[in-house]
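J.: Please work out how this folds:
(chains A and B)
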Amino acid sequence: MKWVLVGGVAAVPFVLPSQSMVNIAMLTAFSAFLGQCWNIAGGFGGLTSFGHAVFFGSGAYTGAILQTRYGVNPWVGLPAAFLVGGLVGAGIGAASFRAGLRGSYFALVTLAFAEVFRVLSNSLEFTQGGLGIAIPLKVSAWNFQFADRRATYAVVLVLLAVASGVAVWLTKGRMGARLAAVRENEDAAAALGVDIVRTKTWALALSGGLAAMGGVVYGQTYLYIDPSIGFGTERSVEMLLVAMIGGAGTVWGPVLGAVVLHVVADVSRAFIATPGFAPMVYGVVLLVIIAVLPQGLAGVWAQVRGTPGGARDA
Amino acid sequence: MLEVRGLSKRFGGLQAVDDVALDVPQGRIVALIGPNGAGKTTSFAMIAGFVRPDAGRIVFEGREVTGARADQIAALGMVRTFQITQPFAGLSVAENIRVGAFLRTADAAEAMAQARAVGAALGLGAMLDRPAAALTVAGRKRLEVARALATRPRMLLLDEVMAGLNPSEIHEIVAMIRGIREGGVTVLLIEHIMQAVAALADDVYVLAQGAVIAQGTPRAIADDPAVIEAYLGRGAAARLAAHA
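T.: Numbers count the residues shown, from 1 in each chain, chains lettered A, B, ... in the order given. Predicted structure coming up:
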């Protein structure tokens, strides 16, 4: 029932004549997808990353460089980005989890990694430094560039479905159970035979690989990336906000969070003319949600239904 | 089955564990007792792979496990519980136990069935679908043991599973530990409650200030002057003898 409803709502933009509505739907689904990627590590595994843009950017640059330097088809960029994002995740994970970093220390390290990548991409010739990379306009489905935003929207929906499928799988299988155990209590998990470093590294790699594919879609849609688009803190914050507002560690959280954030942002922009006031309203709404609902919106839903959901302490 | 030799650990200026040797034969229940701060839990932590020893050897079933990680030791079949219970608070009781069951099977349905069976066998049947945070102290102790048992260990390290329980709960846990041994699991336990140690243990090691000061059956240990002095202070054994 829930699936039919959500599927129906998600399909509405396909029959709408207005491209701006399709655009809003696409951006919302894109946020939900990136939030879901963050959620796989940050929500289900409690790996509160503040630098998930490092994966998004790695993917964006992978797609762009393959295409502009080596003439690789951008569709191939998707699996390539998944691989690169996964490797970056595994690298960051192995380094920080082996060192025993968790909680806010891990958050700071991820933030630092994203900054390092931003500075590097800003200075290396290989990434064309601060100039960024422009992807040549050549609209065709073969070239992963669409004249109609609805096609992009469809691609994003597929990615969102894949990431959400991973989230569903995590709620059911052994990997997810181990990840939840590590999130709740590392010592107890280790005592029961869970390899904590491997479990967390694996989650970060999967999360990073998926997020990197979002970078390719971004590049193919806007045809330009630069260091701050790729690795900027704003992207990282948006990813974790979407998941946390909606409910970290739940399958529906990021979707819910993305819808609410975009509705609040767009409505406040549409109704408030005073410059600078809309972002303020947006900020206040965020603060209220975080203060009143530490488990996110999905947590409220779980409480109403009386099931233990959003299994996170604060 | 478990053989410990020359186990030592120093924390700064404190020699927490000093040249400890102990043997746990297959199928037995062996108890580790001693006053607070004697180094019991530190010894446990080293045996289970949570703390790296400064010196010594730990051999489990003929295989040296000194310095191995906790999860590797658990996979070999030696699993510990925690004195201060460590539930996965956000998960249900059954999900908690299932984490243990997943060590031996990758199948989610099978793991859940095993978890529920172990939970029911340990008297957690009514609580299986409640959050672990809702358990009483006694319930949490049971959960510790249930999770460990769900990994199908050959040896169980129980760290004060009776602390904080009332006499009738202790009685039930004693019966439970006997049942575990009858199920073919060897047990090494740390315990303060002497009545329980006397009822359960085949063999007792007494630790004081990091060193083993006595070893024997519970009865022999209770009469050992060195043990009495470790608990009650120097000269206590002589004073007790004079009063008797």
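
J.: Helices along chain A, start to end?
T.: A:2-15, A:19-38, A:53-70, A:74-98, A:103-123, A:149-172, A:174-184, A:186-191, A:196-222, A:227-231, A:233-246, A:253-271, A:277-292, A:296-305 (DSSP state H).

J.: Quick check: which ranges of the stretch 101-250 of chain A have low pLDDT?
T.: By pLDDT under 70, the stretch 101-250 of chain A contains no weakly predicted segment.

J.: related to what we said a few turns ago, I'd like the helices of chain A written out as a markdown table, with distance to chain B and mean neighbour count added.
T.: In this view, the C-beta of every residue, glycine as well, is placed from N, C-alpha and C. Shown next, in a markdown table, are those (distance: least, CB to the nearest CB, whole Å; neighbours: other CB atoms under 10 Å in any protein chain shown):
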| stretch | distance to chain B | mean neighbour count |
| --- | --- | --- |
| helix A:2-15 | 21 | 11 |
| helix A:19-38 | 19 | 24 |
| helix A:53-70 | 26 | 26 |
| helix A:74-98 | 12 | 20 |
| helix A:103-123 | 16 | 18 |
| helix A:149-172 | 6 | 18 |
| helix A:174-184 | 4 | 24 |
| helix A:186-191 | 4 | 23 |
| helix A:196-222 | 7 | 25 |
| helix A:227-231 | 32 | 24 |
| helix A:233-246 | 15 | 24 |
| helix A:253-271 | 14 | 20 |
| helix A:277-292 | 19 | 14 |
| helix A:296-305 | 11 | 18 |
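
J.: Against A:Gly283, how distant is A:Gly276?
T.: 11 Å (CB to CB, to the nearest Å).

J.: in the helix or strand of chain B with the lowest mean pLDDT, what's buried?
T.: Lowest by mean pLDDT, DSSP states H and E among the helices and strands of chain B is helix B:236-243, with a mean of 79. Using 16 or more other CB atoms under 10 Å in any protein chain shown as the test for burial, helix B:236-243 gives B:Ala237.

J.: What are the contacting residues of that helix?
T.: B:225-226, B:228-229, B:232 (CB atoms under 8 Å, 6 or more residues apart in numbering or on different chains).

J.: Give the residue spans of chain B that score low on pLDDT.
T.: B:244.

J.: Alongside chain A, which residues does it contribute?
T.: B:48-50, B:69-71, B:74-75, B:79-82, B:86-92, B:95, B:98-100, B:102-103, B:106, B:108, B:111, B:131, B:147-148, B:150-151 (CB under 8 Å from any CB of the partner chain).

J.: Helices - which of the residues you listed land there?
T.: Per DSSP H, the residues of chain B next to chain A map to helices at B:70-71, B:74-75, B:95, B:98-100, B:108, B:111, B:147-148, B:150.

J.: Could you report the neighbour count for residue 44?
T.: All of this refers to chain A. 26 (other CB atoms under 10 Å in any protein chain shown).

J.: let's do chain B instead
T.: 23.

J.: again with the one 5 residues further on
T.: Counted with other CB under 10 Å, the burial measure for B:Gly49 works out to 23 neighbours.

J.: residue contacts, it?
T.: A:190, B:65, B:67-73.

J.: And the residues you listed, which of them are buried?
T.: A:190, B:65, B:68-71, B:73.

J.: Farthest-apart pair in these, please.
T.: Distance extremes for the buried ones among the contacts of B:Gly49: the farthest pair is A:Ala190 and B:Val65 at 14.1 Å, using CB to CB.

J.: Just give me the residue right at the centre of chain B.
T.: Nearest to the mean C-alpha position of chain B, by CA atoms, centre = their mean, lies B:Leu158 at 1.8 Å.

J.: Which stretches in chain B count as helices?
T.: Under DSSP H, chain B gives helices at B:40-47, B:70-76, B:93-101, B:108-121, B:137-150, B:167-182, B:194-200, B:218-222, B:225-232, B:236-243.

J.: which residues touch stretch A:128-147?
T.: A:61, A:64-65, A:67-68, A:73-75, A:77, A:121-123, A:127, A:151-152, A:216, A:219-220, A:223-227, A:229.

J.: Check stretch A:78-87 too.
T.: With CB under 8 Å, 6+ apart, stretch A:78-87 has contacts from A:55, A:58-60, A:62-63, A:66, A:72, A:205-206, A:208-213, A:215-216.

J.: do the same with stretch A:118-126
T.: So stretch A:118-126 is contacted by A:57, A:61, A:65, A:127, A:129-130, A:227-228, A:230-232 (CB under 8 Å, 6+ apart).

J.: Spit out the contact partners of the residue nearest to B:Leu103 when sequence neighbours are not counted.
T.: Of all residues not flanking B:Leu103 in the chain, A:Gly193 sits nearest, at 4.0 Å (CB to CB, 6 or more residues apart in numbering or on different chains). Taking CB under 8 Å, 6+ apart as the criterion, A:Gly193 is in contact with B:71, B:74-75, B:79, B:100, B:103, B:151.

J.: Okay, A:Gly193 and B:Gly49: tell me how far apart.
T.: 11 Å.

J.: Same check on B:Ala101?
T.: 20 Å.

J.: Please look at B:Ser8 and B:Leu14 and confirm they touch.
T.: No - if you go by CB atoms under 8 Å, B:Ser8 and B:Leu14 don't touch, sitting 11.9 Å apart.

J.: Counting neighbours, go ahead and name the busier of the two.
T.: Set B:Ser8 next to B:Leu14 and count neighbours by other CB under 10 Å: B:Ser8 wins out with 19 against 13.

J.: what distance separates stretch B:182-199 from the middle of the whole chain?
T.: When distances are taken as CA atoms, centre = their mean, to the nearest Å, stretch B:182-199 is centred 8 Å away from the chain's centroid.
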